[in-house]
Each structure stands twice: as C-alpha cells, then as structure tokens.
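# predicted model follows, preceded by the sequence.
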Amino acid sequence: MTGLFRRPARIGSQIALLVVGVIGLLYLILAATFVLQAPRNRPGPPAFETIATIAKLIAETPPSLRPGIVDAANKADEHFRFALSDTAPPAAAAASRSMDADSMAQRLGNGFEVSSHQPPAEGGPPRGFSFRLPDQTGLNVQIMAGAMGSPPPRPFSVLVLATIVLVGLNIAALTLWASRGITAPLARFASAAEEFSIDRDPSPLREEGPVEVRTAARALNRLRDRIHAMFADRTRMLAAISHDLRTPITRMRLRVEFIEDDTLRGQFTRDLQHMDAMVQGALSYLRDANRREKRGAFDLSSLLQTIADAFSDMGNATHYDGPRRVVMIGDTQQIERAVTNLVENAVRYGKDVAIQLRDDTEALVIEVADDGPGIPEADRLRLLEPFTRGDEARGRIDSEGFGLGLAIAQSIAAAHDGKLTLHENEPHGLLVRLSLPRPSPNA
C-alpha cells in the first residue's frame with residue numbers, strides 16, 4: 001500500500017490501528033443507536049410543553065370549572081398568565097402561522113387553532129398565544145420575560161465525551177499490552193538472531209511471550225546449539241588432521257635427506273616446509289578459536305608503536321600515526337597478533353605502510369593502509385574467510401601466505417565485540433579498518 005493507506009511497519013502499531021478501528025466502529029454504532037432511539041422532541045423551548053399541557057387540561061374541563069383551572073395555573077407558575085375569552089380568535093391559515101405557532105399546534109393536536117402574538121424583536125420568543133379550543137372557546141396566554149429559559153443539554157454530547165474517553169483508555173491499555181506482551185519478545189528475538197555468531201556463545205534467548213514467539217525462540221536456541229556443535233566438531237576434526245599430519249611430514253623430511261640430487265632434494269625440502277607452515281598455521285588458527293581471553297587494561301598506542309618499530313627494524317617502511325596514549329581493555333596478545341597479521345599482509349603487497357589510531361566517540365579505530373595493488377570490492381568479503389588467499393585478487397602468483405591472516409584478525413575483532421572491514425586506500429592500495437569498543441568509564 002502507498003500514500004495514506006500504508007500499513008504501519010511495526011506490529012505494535014498495526015495492533016493499535018486495528019484496535020482503534022474496531023473500538024471506533026463499535027462506539028459509532030452505539031452512538032447511532034442512541035440517536036435513532038432517542039425520543040423526538042418537538043421544536044421550540046421547554047416552556048411550550050407547559051402551555052400545551054394547561055391548554056389541553058382546560059379544553060377537557062367543563063366550562064363551569066375552567067375559571068378555577070385558569071386561576072390555579074396562574075398561581076402555580078408566575079411566568080404565564082392564562083385568560084378565558086368568550087370570542088375565539090379567527091382561524092389562521094397554516095401558511096401564515098409562525099414557527100412557534102406551528103410548534104404549539106403540533107403539541108396540541110387536532111381541534112385546536114393557534115396564533116402567536118407579535119414577538120418583541122425579530123427572531124425573539126413570542127409574547128403569547130391565542131387558542132381556539134375545540135368547543136370554539138377562546139384562550140389567551142401571556143408569556144412573561146425569562147419564561148422561555150434555555151433548553152437542557154442534549155445527552156448526545158455526554159455520550160460523545162464518554163466515547164472519546166473510553167476509546168483513549170482502551171487504546172492506551174491495548175497499545176501497552178501489545179508493546180510489552182508481543183513486540184518486546186519479538187524485538188529480543190530479532191536482536192538475538194542479528195547478533196548470532198559462531199565466534200561467541202551468548203546466553204540462550206528467553207522463551208516468553210505468545211505461543212508463536214516462544215516456539216520461534218525455542219527453535220532459534222536449538223539451531224544455535226546445533227550450529228555450535230557442528231562448528232566444534234569441525235574444529236576438532238581439523239585440529240586432529242593437522243596434528244596427525246606433522247608425523248608423516250617429519251618422516252618425509254628424514255627421507256629427503258637421502259636424495260642425492262641436490263636440486264630435487266631442495267624442491268622436496270621447500271614443499272615440506274610449505275606443508276609444515278600450513279599445518280602450523282591451521283593448528284594456530286584452531287587453537288586460538290578455542291582460546292579463552294585474558295583481558296586487562298593496556299596502552300594501545302604504545303602497542304601499535306612497538307609493532308611499527310619492529311617492522312621498521314626489519315627494513316620495512318612502516319610508521320605509526322595517532323595519539324600518544326590510548327587505554328584499551330582486552331587481550332593484549334590477541335590484539336597484537338591481529339595487528340601484526342594486518343601489517344604482514346600490508347608489507348607483503350606494498351612498500352609504504354601506515355598504522356593509524358583514532359579515538360572516536362563510540363570506538364577505537366585502528367587502520368592499516370598500504371600502497372599496493374589493493375583488492376577489488378567484489379573479493380573483499382570472500383577474503384575474510386579462512387584459508388582464502390588474496391594473491392589472485394592482488395595480482396600476485398607467488399605462494400606466500402595461507403589465507404589465515406585476515407580470518408584470524410576478524411576472529412579476534414569479533415571476540416572483542418569489534419569489527420574488521422576492508423576499504424580502498426586512495427589513490428591506490430588497501431585500507432584495513434579494525435574497530436574496537438571504547439572502555440566504559442566504570443571499567
């Protein structure tokens with residue numbers, strides 16, 4: 001739907017809109033019922049009812065008793081003065097009668113003729129009426145000032161006010177119920193699904209709320225347990241294979257020494273060294289996946305400066321740019337290893353490497369930039385996976401590296417509730433950004 005008929009995005013808003021529509025329709029039906037079944041009051045002020053009642057009473061009374069009825073009516077209400085007349089007023093045509101005379105004639109019914117006296121002002125109440133009773137007797141009534149009064153308030157206005165109040169209370173109560181009873185468990189469910197990661201083992205999602213939400217939460221918990229179990233089995237299998245490969249590699253090294261051809265022996269030796277490095281890298285990656293962190297406070301800027309100096313001493317153009325003292329809480333060895341892996345990749349493909357540190361409002365940002373060939377945007381997410389090499393993406397065909405440097409750095413960043421992303425370094429090269437959460441003041 002588009003425009004004014006677009007459905008709200010949140011389930012709480014949809015429930016509230018449905019409740020408003022149903023309650024509004026219900027009270028509209030009730031209000032219409034009250035209005036249709038309410039008695040139809042004749043037009044004119046309430047004083048006309050009193051005059052019509054007394055006129056009917058006089059008409060039903062024998063002529064000999066009418067003077068007593070008139071005197072009693074005059075004494076009972078000083079706002080009216082009734083007087084009998086021997087001569088009845090002439091009949092007035094219906095088209096020439098005023099609205100007040102028509103209103104009084106409707107109250108009296110057939111057999112009565114009514115004419116109104118001239119009002120004191122245009123549109124004002126009449127001074128009185130002249131009646132011709134069914135027996136052709138005349139009756140005059142004079143209305144005193146203030147007799148008309150004001151009509152009582154209609155009960156419909158009270159009904160409308162009560163409807164608005166009840167609708168508001170119902171909407172508030174049902175919206176609160178919808179937001180806490182339905183949307184809150186759904187929001188927790190969505191947050192748990194969004195934050196799910198094999199690198200972390202969060203607490204199980206609470207199974208609460210409606211039956212459907214509890215069922216979905218239970219299914220998510222079971223799925224999380226199965227994924228963690230599969231990941232643990234895979235890790236144990238790869239660790240066992242890597243560990244068992246070290247024994248045949250050692251035996252092959254011993255046998256290579258008996259090869260008399262120096263060229264062939266050198267080729268076998270390089271291949272075995274490469275295989276051993278791959279096994280060691282796999283064991284290190286799998287060991288760190290199950291390693292428990294030892295967190296503490298340390299000076300991140302000093303650590304980055306030390307890494308830059310170490311690579312500079314090895315003949316690489318590496319420098320650090322950032323504040324002189326920034327305190328972070330985390331595993332010092334893991335952070336050092338992550339940054340070292342990033343710098344090793346940078347010096348392998350570039351000549352000039354910069355390590356930058358920014359202390360932003362929400363995070364500590366470490367950036368490692370090189371001036372190498374860079375990585376195409378389509379390959380950046382793929383290269384964050386384990387055992388995925390970037391030689392082809394970087395335009396190199398050598399066999400250095402095993403595709404674990406970025407994967408290990410990303411795993412360490414996730415363990416510290418951080419994030420690792422790859423970006424283009426202007427004018428050319430790769431920029432790796434490692435964002436880590438800032439320590440809280442209490443920490």
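Nice, thanks for sending it over.
# tell me how far Asn221 lies from Ala192.
9 Å (C-beta to C-beta, to the nearest Å). Every C-beta, even on glycine, is put in place using the N, C-alpha and C of the backbone.
# which residues do those two both contact?
Taking C-beta atoms under 8 Å, 6 or more residues apart in numbering as the criterion, Asn221 and Ala192 both touch Leu205.
# pop the domain breakdown of the chain in here.
Under automatic domain parsing, the residue ranges defining each domain of the chain are 3-39+153-187, 47-143, 211-289, 296-437.
# just put those domains in JSON lines and tack on mean neighbour count, distance to Pro204 and mean pLDDT.
Formatted as JSON lines, the domains of the chain follow (neighbours: other C-beta atoms under 10 Å; distance: least, C-beta to C-beta, whole Å; pLDDT from 0 to 100):
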{"stretch": "domain 3-39+153-187", "mean neighbour count": "13", "distance to Pro204": "14", "mean pLDDT": "68"}
{"stretch": "domain 47-143", "mean neighbour count": "15", "distance to Pro204": "75", "mean pLDDT": "78"}
{"stretch": "domain 211-289", "mean neighbour count": "14", "distance to Pro204": "5", "mean pLDDT": "77"}
{"stretch": "domain 296-437", "mean neighbour count": "17", "distance to Pro204": "19", "mean pLDDT": "83"}
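# just put these in a markdown table and tack on distance to Leu205.
Below are the domains of the chain laid out as a markdown table (distance: least, C-beta to C-beta, whole Å):
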| stretch | distance to Leu205 |
| --- | --- |
| domain 3-39+153-187 | 9 |
| domain 47-143 | 71 |
| domain 211-289 | 5 |
| domain 296-437 | 19 |
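# surely Glu113 touches Pro134?
No - shown here, Glu113 and Pro134 do not form a contact pair, counting by C-beta atoms under 8 Å, at 9.4 Å.
# now the helices: where do they sit in this protein?
11-37, 47-60, 66-76, 99-108, 155-178, 184-195, 211-256, 262-289, 300-313, 332-349, 391-394, 405-415 (DSSP state H).
# setting aside sequence neighbours, what's the nearest residue to Val167?
Ile23 (5.2 Å; C-beta to C-beta, 6 or more residues apart in numbering).
# list the contacts of the one you found.
Contacts of Ile23 (C-beta under 8 Å, 6+ apart): 166-167, 170-171.
# now with 10 Å, please.
When contacts are counted by C-beta atoms under 10 Å, 6 or more residues apart in numbering, Ile23 touches 163, 166-171, 174.
# rewinding a little: among the helices of the chain, which is nearest Leu139?
helix 47-60 (6.1 Å; C-beta to C-beta).
# so the residue nearest to Val167 versus Leu17, what's the distance?
Distance from Ile23 to Leu17, by C-beta to C-beta: 11 Å.
# name the residues contacting each of these two.
Common contacts of Ile23 and Leu17 (C-beta under 10 Å, 6+ apart): Ile171.
# returning to that earlier point: the helices of the chain into JSON lines, with extra columns for distance to Val365?
Shown next, in JSON lines, are the helices of the chain (distance: least, C-beta to C-beta, whole Å):
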{"stretch": "helix 11-37", "distance to Val365": "36"}
{"stretch": "helix 47-60", "distance to Val365": "85"}
{"stretch": "helix 66-76", "distance to Val365": "94"}
{"stretch": "helix 99-108", "distance to Val365": "84"}
{"stretch": "helix 155-178", "distance to Val365": "40"}
{"stretch": "helix 184-195", "distance to Val365": "21"}
{"stretch": "helix 211-256", "distance to Val365": "29"}
{"stretch": "helix 262-289", "distance to Val365": "23"}
{"stretch": "helix 300-313", "distance to Val365": "11"}
{"stretch": "helix 332-349", "distance to Val365": "12"}
{"stretch": "helix 391-394", "distance to Val365": "24"}
{"stretch": "helix 405-415", "distance to Val365": "11"}
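# relative to Phe82, which of these is closest?
The nearest among the helices of the chain, by C-beta to C-beta, is helix 66-76 at 4.7 Å.
# packing partners for the closest one?
helix 47-60, strand 80-85, strand 138-143 (3 or more C-beta pairs under 10 Å, 6 or more residues apart in numbering; DSSP states H and E).
# switch to 8 Å and redo it
helix 47-60, strand 80-85 (3 or more C-beta pairs under 8 Å, 6 or more residues apart in numbering; DSSP states H and E).
# for those, give me a markdown table that also has distance to Ala240.
Shown next, in a markdown table, are the helices and strands packed on helix 66-76 (distance: least, C-beta to C-beta, whole Å):
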| stretch | distance to Ala240 |
| --- | --- |
| helix 47-60 | 103 |
| strand 80-85 | 113 |
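# Phe258: which of these is closest?
helix 47-60 (130.4 Å).
# quick one: list the elements packing against the closest one.
Using 3+ C-beta pairs under 8 Å, 6+ apart, helix 47-60 is in contact with helix 66-76, strand 80-85, helix 99-108, strand 138-143.
# what's the angle between the third one and strand 138-143?
Using axes from the mean of the first three to the mean of the last three C-alpha atoms, to 10 degrees, one finds that helix 99-108 and strand 138-143 are set 120 degrees apart in direction.
# ditto for the second one
Here the directions of strand 80-85 and strand 138-143 differ by 160 degrees (the same axes, to 10 degrees).
# partner strands of strand 80-85, with direction?
When pairing is defined by DSSP bridges, strand 80-85 lines up against strand 138-143 (antiparallel).
# check contacts around Gln356.
320-322, 366-369.
# take these and keep only those in strands.
320-321, 366-369 (DSSP state E).
# in JSON lines: the residues you listed, plus distance to Leu254.
Conversion of those to JSON lines gives the following (distance: C-beta to C-beta, whole Å):
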{"residue": "Tyr320", "distance to Leu254": "45"}
{"residue": "Asp321", "distance to Leu254": "49"}
{"residue": "Ile366", "distance to Leu254": "44"}
{"residue": "Glu367", "distance to Leu254": "46"}
{"residue": "Val368", "distance to Leu254": "40"}
{"residue": "Ala369", "distance to Leu254": "45"}
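# out of the helices and strands packed on helix 66-76, flag the one nearest Leu381.
From those, taking C-beta to C-beta, the stretch that ends up closest is helix 47-60, at 86.4 Å.
# what residues does the closest one touch?
Contacts for helix 47-60 (C-beta under 8 Å, 6+ apart): 42, 66, 69-70, 73, 77, 79-80, 82, 84, 100, 103-104, 107-108, 111-112, 129, 131, 133-135, 139, 141, 143, 147-149.
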